[in-house]
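Visitor: Predicted structure and sequence below. I'll ask about it afterward.
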Amino acid sequence: MAPRHLLSLSDLTSEELEAIIANAIALKKSHYEGNAPLPLANKTLGMIFEKSSTRTRVSFEAGMTQLGGSAIFLSPRDTQLGRGEPIEDSARVLSRMVDIIMIRTFEQADLERFAAYSRVPVINALTDTFHPCQLLADVQTFVEHRGSPKGKTVAWVGDGNNMCHSYINAARLCDFQLRIACPRGFEPDPELLAANADRVTVVNSPADAVKGAHWVATDVWASMGQESEQKEREKQFAGFQVNHELMALAQPDAVFMHCLPAHRGEEVSAELMEDEKFTVVWDEAENRLHAQKALMLFLLKNQQ
């Protein structure tokens, strides 16, 4: 039986994404009611981290526990991957010992190589190219607060990074229009843009992106591994802060999201982060837990 993987959102159909979101909401409700099922009893999640994390580790580990299973944290210091074992060999071995694997790493190609040799489902828990699990949580959050994103306008303000790429994939699956505002030279992948030209627009003005939007999202200006570029990026991204002045251009009931951690005073104002009229970032962060539970259940159920 061949495993189903989630290496990017494009591994899902629109219908599958909708079903995962619906189950995430149901699992969240069951969790709060205290009658959550334990469908993954005796199942083990292997968690491979080559990048540091707060939300990803806690949400996957807690999520697996809530579903009745267990999780094993593996850093480069804990595995032979950190000592140069071929990815293919590690994949063959680990996938004989655990039931599902999540990987947080740098190169998308390394993730894909691992998945190609794995006997069990592999989840992209973040690469430099995509961050699909965060988008599951973001879509769930919008559905909970505003209903279906179909036909809505979403604004991305900031770097054309892995989050931006995953928003492009979400635009196709969820059928919304995406406006991306980024400084020149920081645009997302041109091939991904070209493949989604019917629903994605790139502008260099945050105001042009946010005007009339139902959903506004941003991320830090310098991601992990780009710390040496922080000062230069602060100059390049001047004027790209999401704040009350910018949100005033959006729809009156627009929501603001940020995948966290946030740098208050840089990509987002401190005042907006704390304004519950707009910000849904705390629900968004919590929903990593529930969306990933639904994802793991989907992948384990739908092995081909």
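Guide: All right, it came through fine. Numbering: from 1, shown residues only.
Visitor: make it CA atoms for all contacts and neighbour counts henceforth
Guide: Noted.
Visitor: Any regions of the chain where pLDDT drops low?
Guide: 80-83, 224-225, 304 (pLDDT under 70).
Visitor: need the contact list for N162.
Guide: By CA atoms under 8 Å, 6 or more residues apart in numbering, the residues touching N162 are T127, D128, T129, F130, H131.
Visitor: From the residues you listed, which land in helices?
Guide: Under the assignment DSSP state H, the contacts of N162 contribute nothing to helices.
Visitor: element containing the closest residue to G212 other than its chain neighbours?
Guide: Residue nearest to G212 in three dimensions, not counting chain neighbours: A250, with 4.4 Å by CA to CA, 6 or more residues apart in numbering. Counting by DSSP states H and E, there is no helix or strand that carries A250.
Visitor: So A250 is in contact with V210, correct?
Guide: Yes - with contacts counted by CA atoms under 8 Å, A250 reaches V210, the gap being 5.5 Å.
Visitor: who's more crowded, those two?
Guide: Neighbours per residue, other CA atoms under 10 Å: of A250 and V210, the larger number sits with V210, 28 against 22.
Visitor: so who does that one touch?
Guide: If you count contacts by CA under 8 Å, 6+ apart, then V210 has V154, A155, R179, V216, L246, M247, L249, A250 around it.
Visitor: do F237 as well
Guide: If you count contacts by CA under 8 Å, 6+ apart, F237 has them with G158, C182, P183, W221.
Visitor: With E144 as the reference, measure out to H131.
Guide: H131 is 21 Å from E144, where distance means CA to CA, to the nearest Å.
Visitor: To clarify, my last question referred to G69.
Guide: 27 Å.
Visitor: Report how many residues lie close to A2.
Guide: Neighbour count for A2, taken as other CA under 10 Å: 11.
Visitor: Need the three-state assignment for it.
Guide: What DSSP: H, G, I helix; E, B strand; the rest coil gives for A2 is coil.
Visitor: Does it touch R119 like I think?
Guide: Yes - counting by CA under 8 Å, A2 touches R119, with 7.1 Å between them.
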